[in-house]
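Colleague: One predicted model, sequence on top.
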Amino acid sequence: MPIRVDPSGPFPLYYQIREQLRQQILSGALKPGDLLPGETQICSETGVSRMTARAALSQLAFEGLVTRKRGKGSFVAGPKTTFQDIRFPLASYTQMVEQAGLHTRSRIRLQRVLPADAPVVEQLRLTAAERVVHVERLRSVNDEIMSLESSYYPHARFPALADQDLTDRSIYAVIQELYGVVPATATQTVELSVAGPYEAGLLGIREGTPVALSSRVSYAEDNRPIEYTQVIHRGDRFRSVTHLSRSEILGQSGSQAP
């Protein structure tokens, strides 16, 4: 379908192009894997500059609707991984993904014992001389890399963890099996960030791409910290949908029913 723009219209030209392509994708006229018009074709059809055409395609890529392959062009991306009503209180990543009916894989990048640095010492309530088991994993959902996870565990409490095969295994399940310890409570924060060079390279995204950064400290029944984890989720391939009841909405807002 040809792209048309109105130079005298109220919306910027890149916006007009982006919205037309977006509607073709969302309506199914363009399907996952389909090749989008390239910058040269867009310029030819609309008379806009190459910079304007590039801006339209780049925004679609940042939103996760399009994947760009060097030397090949822009392609319609597959649907985003969606987690519906995740209500596991203290679920492992594996449990959460399985609850959503998805297939997950984990690839261990680092598994080592090292001295705890200052932030980890503070979160796990350690002394400067103590060591931790550091595990870094790349998480994939339906064979697509979704997140980079970096976790720290007190070595004195879980010394054998450094030698376990953790591929596609829940670490919560491993420490329960080895030590009878399970997380009882946790404090988790989620904030927006952008991918730096290191995580961008591992996640296969561009530096500066929006990401969701979640940090969690988990505690055992004795209220001692057993895990400090930071997870960088690809913002372009992940979304969470939660359905709330009327009572939950009113409870969150603190308002009364009209």
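Modeller: Sure thing, it's come through.
Colleague: Now do the contacts for Ser150.
Modeller: Ser150 is in contact with 134-136, 229-231, counting by C-beta atoms under 8 Å, 6 or more residues apart in numbering. (Glycine included, C-beta is placed from N, CA and C.)
Colleague: Now it, what are its backbone angles?
Modeller: Dihedral angles of Ser150 (phi, psi; degrees, to the nearest 10) stand at phi -120, psi 120.
Colleague: The contacts of Ser150 into CSV, with extra columns for distance to Lys31 and secondary structure?
Modeller: Shown next, in CSV, are the contacts of Ser150 (distance: C-beta to C-beta, whole Å; DSSP: H, G, I helix; E, B strand; the rest coil):
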residue, distance to Lys31, secondary structure
His134, 42, strand
Val135, 38, strand
Glu136, 36, strand
Thr229, 37, strand
Gln230, 36, strand
Val231, 31, strand
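Colleague: And those, which is closest to Arg112?
Modeller: Comparing the contacts of Ser150 against Arg112 with C-beta to C-beta places His134 closest, at 5.5 Å.
Colleague: pLDDT at that closest one, what is it?
Modeller: The pLDDT attached to His134 in the predicted structure is 93.
Colleague: residues contacting it?
Modeller: His134 touches 110-114, 150-152, counting by C-beta under 8 Å, 6+ apart.
Colleague: go on, Glu130?
Modeller: Contacts of Glu130 by C-beta under 8 Å, 6+ apart are 115-116, 121, 154-156.
Colleague: same thing with Thr187?
Modeller: Thr187 touches 216-217, counting by C-beta under 8 Å, 6+ apart.
Colleague: Glu149 too?
Modeller: 93, 106, 135-139, 229-232 are the contacts of Glu149 under C-beta under 8 Å, 6+ apart.
Colleague: Need these in a markdown table (columns: distance to Thr187).
Modeller: Formatted as a markdown table, the contacts of Glu149 follow (distance: C-beta to C-beta, whole Å):
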| residue | distance to Thr187 |
| --- | --- |
| Tyr93 | 17 |
| Ser106 | 23 |
| Val135 | 20 |
| Glu136 | 21 |
| Arg137 | 21 |
| Leu138 | 25 |
| Arg139 | 21 |
| Thr229 | 11 |
| Gln230 | 13 |
| Val231 | 14 |
| Ile232 | 18 |
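Colleague: Closest one of these to Pro12?
Modeller: Using C-beta to C-beta, Ile232 is the member of these that lies nearest Pro12, at 31.2 Å.
Colleague: Correct me if wrong: the closest one contacts Ser193.
Modeller: Yes: using C-beta atoms under 8 Å, Ile232 is in contact with Ser193, at 7.5 Å.
Colleague: which among the contacts of Ser150 gets closest to Gly38?
Modeller: Using C-beta to C-beta, the contacts of Ser150 come closest to Gly38 at Val231, 35.1 Å.
Colleague: burial count for the closest one?
Modeller: Using other C-beta atoms under 10 Å, Val231 is surrounded by 21 other residues.
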